[in-house]
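J.: missing the sequence, but the structure's below:
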């Protein structure tokens, strides 16, 4: 009788653990899907934090070009930390800002400035 009870408790714990693991995987998949959708469904996507001076600079540069990017303010979202983890997996960085143009990763604020100065950004934008 005791062996049966231990087996039931252990089996219940395993089912609970597997269910929690499945929920975590589904949550990660939905965050990953959100990031992919943001990158590939928008002409310009910026992953940002509202208080970051580098993010403000990147958004200002884009505004000066009369561009209206899709901006994801990570500090204002409950899943912001998870989004940064997805970015780390995708591009090897979790820092902000991260700018994407027509699905292509540009980089951070300095990279965006370089792309503007070299004409690379204008080429990417005219390709859409």
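T.: Perfect, I can see it now. Since we're looking at a predicted model, the values are computed, not measured.

J.: What residues of stretch 38-56 count as buried?
T.: For stretch 38-56, burial by neighbour count (16 or more other Cβ atoms under 10 Å) applies to 38, 39, 42, 44, 45, 46, 47, 48, 49, 52, 54, 55. Any C-beta I mention is one placed from the backbone N, CA and C, and that applies to glycine too.

J.: tell me which of those residues is nearest to residue 90?
T.: Closest approach to residue 90 among those (Cβ to Cβ): residue 39, at 8.2 Å.

J.: just to revisit the earlier point, from the buried residues of stretch 38-56, which ones fall inside strands?
T.: 44, 45, 46, 47, 48 (DSSP state E).

J.: Hmm, the third one is touching residue 68, no?
T.: No - contact between residue 46 and residue 68 fails when scored by Cβ atoms under 8 Å: they sit 10.6 Å apart.

J.: what's the overlap in contacts for these two?
T.: Applying Cβ atoms under 8 Å, 6 or more residues apart in numbering, one finds that residue 46 and residue 68 are jointly contacted by residue 62.

J.: picking that back up, JSON lines for the buried residues of stretch 38-56, including distance to residue 117?
T.: Formatted as JSON lines, those follow (distance: Cβ to Cβ, whole Å):
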{"residue": "38", "distance to residue 117": "26"}
{"residue": "39", "distance to residue 117": "23"}
{"residue": "42", "distance to residue 117": "23"}
{"residue": "44", "distance to residue 117": "17"}
{"residue": "45", "distance to residue 117": "21"}
{"residue": "46", "distance to residue 117": "18"}
{"residue": "47", "distance to residue 117": "22"}
{"residue": "48", "distance to residue 117": "21"}
{"residue": "49", "distance to residue 117": "25"}
{"residue": "52", "distance to residue 117": "22"}
{"residue": "54", "distance to residue 117": "17"}
{"residue": "55", "distance to residue 117": "19"}
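
J.: Just the closest of these to residue 126, please.
T.: residue 44 (13.0 Å).

J.: and the closest one, what is it in contact with?
T.: Per Cβ under 8 Å, 6+ apart, neighbours of residue 44: 62, 67, 68, 69, 70, 99, 100, 101, 125.

J.: Generate a PyMOL selection restricted to the buried entries among those residues.
T.: Of the contacts of residue 44, the buried ones go into a single PyMOL selection, burial set by 16+ other Cβ under 10 Å:
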select buried, resi 62+69+99+100+101
